[in-house]
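Q: The following comprises the amino acid sequence and a computationally predicted model.
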Amino acid sequence: MSLITRLTYVLPHRFLSSLARKLAYSQRPALKQWLIDTVTQKFNVNLAEAAEPNPTAYPSFNAFFTRALKPGARTPDADPRALLMPADGHISQCGRIVDGRIFQAKGQSFSATELLGSEADATPFADGSFATVYLSPRDYHRVHMPWTGTLRETVHVPGRLFSVGTDAVANVPRLFARNERLVCHFDTDFGPMVQVMVGALLVSGVETVWGGVEIPAYGNAITRKDYRGQGITLERFAEMARFNYGSTVIVLLPKDVATLNPALGAETPVQLGQALALRKTP
């Protein structure tokens, strides 16, 4: 375990993330430009594919970090049976949910019940499949829909804000079930589908297309919002949410609805729109 990962056990997670939020939204020209230039150079950000390629045109670091892509920069897989990769980044892990548990790394796992906040929410995904996608600071930070779905409910689960980098994932037990997260439940033509927006150290917020800022405000109790009957349907490949700073999205699918793309494995680089899984014939 690295020194940085060890330190995250004792660091004031929410204070640091709140400070990061203030910096990210600052419109002080010198500060925001220094942040943008530092990240662009350190992480080799490809601004040529951004809708706004000029790094000085962004009013804040957050505007840069949540930048849109120019039309055509990402396209959905042409096979209409393909469930789509929800984000740019790389696969942390993917596979079957075995005995209600989701593999994390190096013998680490956590339960779907812990991740989603209740046993009832986890039951439809027993023996289903999952994909955990890590978004690095260089990546496009908007998360899109793998398949068309109607929003049923969101669950804000409070928690810690550990780093979700490779070392932390390998060494912090049950990391994704301990970090603060927003669980988004959708109803689809094959049944339920979940996308979990997992917060992380210095992640200054999660925003959804239907509700705006969801994290923060940080909370201490599980908060549920019922969207049934409101007709919030998002099409396959449509934007769903975004991270203000990098983090992780986890997709859960029920048993026997789709076969994960066999080319995917731990550390596989991925792009929004490529095939995550192939829908089985009903």
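A: Perfect, thanks for sending it.
Q: all helices for this protein, in order.
A: Assigned by DSSP state H, the helices in the chain fall at 3-7, 13-25, 29-42, 61-65, 112-116, 119-122, 166-171, 175-178.
Q: looking at these, which is closest to Glu207?
A: Taking Cβ to Cβ, helix 61-65 is the member of these nearest to Glu207, at 9.9 Å. Backbone N, C-alpha and C define where each C-beta goes, glycine included.
Q: ok, now which ones touch Lys255?
A: Residues in contact with Lys255 (Cβ atoms under 8 Å, 6 or more residues apart in numbering) are 125-129.
Q: Report the two members of those residues separated by the largest distance.
A: Ala126 and Ser129, at 11.2 Å, using Cβ to Cβ across the contacts of Lys255.
Q: Next, show the common contact partners of the two.
A: Common neighbours of Ala126 and Ser129 (criterion: Cβ under 8 Å, 6+ apart): 97, 255.
Q: These two - which one has more neighbours?
A: Comparing Ala126 with Ser129 by other Cβ atoms under 10 Å, the one with more neighbours is Ser129, at 22 against 13.
Q: ok, the more buried one - contacts?
A: Residues in contact with Ser129 (Cβ under 8 Å, 6+ apart) are 94-97, 252-253, 255, 258, 260, 277.
Q: From Gln195, how far off is Glu239?
A: Separation of Glu239 from Gln195 (Cβ to Cβ, to the nearest Å) stands at 12 Å.
Q: ok, back up a step: which among the contacts of Lys255 gets closest to Val213?
A: Looking across the contacts of Lys255 and measuring by Cβ to Cβ, the closest to Val213 is Phe125, at 27.4 Å.
Q: Find the nearest non-adjacent residue to that closest one, please.
A: Sequence neighbours aside, Leu252 is the residue nearest to Phe125 in space, at 4.7 Å (criterion: Cβ to Cβ, 6 or more residues apart in numbering).
Q: Then Ile215?
A: Nearest non-adjacent residue to Ile215, counting by Cβ to Cβ, 6+ apart: Val206, 4.3 Å away.
Q: What's the separation between the one you found and Trp34?
A: To Trp34, Val206 is 25 Å away according to Cβ to Cβ.
Q: Which of those two has more residues huddled nearby?
A: Legend: neighbour count by other Cβ under 10 Å for Val206 and Trp34, higher for Val206 (25 against 12).
Q: need the contact list for that one.
A: So Val206 contacts 182, 197, 199, 213-215, 241-244, 247 (Cβ under 8 Å, 6+ apart).
Q: One more: Gly107?
A: Applying Cβ under 8 Å, 6+ apart to Gly107 gives no contacts.
Q: next one: Asn54
A: Asn54 makes contact with Leu47, according to Cβ under 8 Å, 6+ apart.
Q: Adjust the sequence numbering to begin at 17 for everything that follows.
A: Will do, 17 is the new start, and the previous item becomes Asn70.
Q: Can you pull the phi/psi pair for it?
A: Backbone geometry at Asn70, expressed as degrees, to the nearest 10, gives phi -80, psi 110.
Q: quick one on the thing from earlier: tabulate the contacts of Lys271 (a markdown table), appending pLDDT.
A: Formatted as a markdown table, these follow (pLDDT from 0 to 100):
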| residue | pLDDT |
| --- | --- |
| Phe141 | 97 |
| Ala142 | 93 |
| Asp143 | 94 |
| Gly144 | 97 |
| Ser145 | 97 |
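Q: From the contacts of Ser145, which land in strands?
A: Counting by DSSP state E, the contacts of Ser145 place 110-112, 268-269, 274, 276, 293 in strands.
Q: among those, which ones are buried?
A: Burial by neighbour count, 16 or more other Cβ atoms under 10 Å: within these this picks out 110-111, 268-269, 274, 276, 293.
Q: Need those in JSON lines (columns: pLDDT).
A: What follows is those, written out as JSON lines (pLDDT from 0 to 100):
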{"residue": "Cys110", "pLDDT": "96"}
{"residue": "Gly111", "pLDDT": "96"}
{"residue": "Leu268", "pLDDT": "98"}
{"residue": "Leu269", "pLDDT": "98"}
{"residue": "Ala274", "pLDDT": "97"}
{"residue": "Leu276", "pLDDT": "97"}
{"residue": "Ala293", "pLDDT": "98"}
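Q: Now the two most distant members of these.
A: Maximum pairwise distance among those (Cβ to Cβ): 12.8 Å, between Gly111 and Ala274.
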